[in-house]
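**Q** Any chance you can model this:
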Amino acid sequence: MLLTVLGCSGSIPGPGAAASGYLLEADGFTLALEFGNGVLSRFQEERPLFSMDALLLSHLHPDHCIDVSSLYVARKYHPTPPEQPLPVYAPAEAPSRFVAGYAPDAAERSSLDFSDVFSFHPLGAPVHIGPFIVEPALVAHPCEAYGFRISHGGVSLAYTGDSGPCEALDSLASGVDVLLSEASWTHTPQRQPDLHLSGRQAGELAARAGVGRLLITHVPPWTSREDVLKEAESAFDGPCELVVEGGRYEVVGERT
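**A** Numbers count the residues shown, from 1 in each chain. Presented below is the predicted three-dimensional model:
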């Protein structure tokens, strides 16, 4: 698998930086993972506009999905739109939430469901998306939010989405080759529970799970990336780095 980072700024887009957005590619199939502020622009810098094969969303906070509305416009009103709806795997409320965000007028909402552009699939049980096996699990966040374990060809990646520490993350990350983990702040006891991970908690998760490699993402513009990385490295003695926008990371067998 090849992981490409379209955006990794946490909670909001940063100066010249998109919010959450990634691509996973294998066997000629492109799975977009998250589609937050600025990600559609970055996607077009990397790939042709309609080249994604499916979209996977962990939850419906704007920094992870707001550019879906713009993607709807592109796929509906482009002079040569795609022939088939794009499969979108997302929390159950995704269709109504996207319609409400796109059409503030009640009369317009009543005749709009996005189904001509997107084919929605609610998250829950493990699912095959192209060549990938995607295992979702509910995680600790204020809304319906999922982390994922994504496998292909004998290698695996776990993605935390947005979450505080929880058993679901330990299960998803257990023994994976690569853990893509959010770390939204440095560690203090005063942090709000069931919301985000600190750098230290991301490192502790990687250590408990015995992952091969830790990739840190979703650091907000107001948090020191260097301090988050130092915390993670203090808790996890394996390979650990901060992802960067535009970065490409091979997901290969990295466990020893």
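**Q** which residues in the stretch 151-256 of the chain form helices?
**A** In order along the chain, the stretch 151-256 of the chain carries the following helices (DSSP state H, counting those that start in this stretch): 167-173, 199-209, 225-235.
**Q** Would you mind giving these as a markdown table with mean pLDDT added?
**A** Shown next, in a markdown table, are those (pLDDT from 0 to 100):
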| stretch | mean pLDDT |
| --- | --- |
| helix 167-173 | 98 |
| helix 199-209 | 98 |
| helix 225-235 | 98 |
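**Q** now, of those, which is deepest in the fold?
**A** Compared across those, helix 199-209 shows the largest average neighbour count, a mean of 24 (mean count of other Cβ atoms under 10 Å). For glycine as for every other residue, the C-beta is placed from the backbone atoms N, C-alpha and C.
**Q** Give me the contact list for that one.
**A** Under the contact criterion Cβ atoms under 8 Å, 6 or more residues apart in numbering, helix 199-209 has outside partners 158, 160, 164-165, 169-170, 173-176, 179, 181-183, 185-187, 197, 214, 216, 227-238, 240.
**Q** Tell me how far it lies from the chain's centre.
**A** Relative to the centre of its chain, helix 199-209 is centred 18 Å away, using Cα atoms, centre = their mean, to the nearest Å.
**Q** Please apply the same query to stretch 8-22.
**A** Relative to its parent chain, stretch 8-22 has a centroid offset of 11 Å by Cα atoms, centre = their mean.
**Q** Kindly check the end-to-end length of it for me.
**A** 8 Å (Cα to Cα, to the nearest Å).
**Q** Could I get the full set of strands for this structure?
**A** 2-7, 21-26, 29-35, 54-56, 86-90, 118-122, 127-129, 132-138, 146-152, 155-159, 178-182, 213-217, 240-242, 248-250 (DSSP state E).
**Q** mind giving me a markdown table with these and columns for distance to Arg109, mean neighbour count and mean pLDDT?
**A** Formatted as a markdown table, these follow (distance: least, Cβ to Cβ, whole Å; neighbours: other Cβ atoms under 10 Å; pLDDT from 0 to 100):
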| stretch | distance to Arg109 | mean neighbour count | mean pLDDT |
| --- | --- | --- | --- |
| strand 2-7 | 28 | 23 | 98 |
| strand 21-26 | 26 | 23 | 98 |
| strand 29-35 | 21 | 24 | 98 |
| strand 54-56 | 22 | 23 | 99 |
| strand 86-90 | 18 | 22 | 98 |
| strand 118-122 | 16 | 17 | 98 |
| strand 127-129 | 28 | 14 | 98 |
| strand 132-138 | 28 | 20 | 98 |
| strand 146-152 | 26 | 24 | 98 |
| strand 155-159 | 32 | 25 | 98 |
| strand 178-182 | 32 | 28 | 98 |
| strand 213-217 | 34 | 25 | 98 |
| strand 240-242 | 40 | 18 | 98 |
| strand 248-250 | 40 | 15 | 98 |
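**Q** Tell me which of the ones you listed sits nearest to Cys65.
**A** strand 29-35 (5.5 Å; Cβ to Cβ).
**Q** export that closest one as CSV, just CAs?
**A** C-alpha atoms of strand 29-35 as CSV (Å, rounded to 0.1, in the frame of the first residue of the first chain):
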residue,chain,number,x,y,z
PHE,A,29,-7.3,1.4,-6.8
THR,A,30,-7.4,4.8,-5.0
LEU,A,31,-9.2,5.1,-1.7
ALA,A,32,-9.5,8.6,-0.3
LEU,A,33,-9.5,8.7,3.5
GLU,A,34,-11.0,11.8,5.0
PHE,A,35,-11.8,15.0,2.9
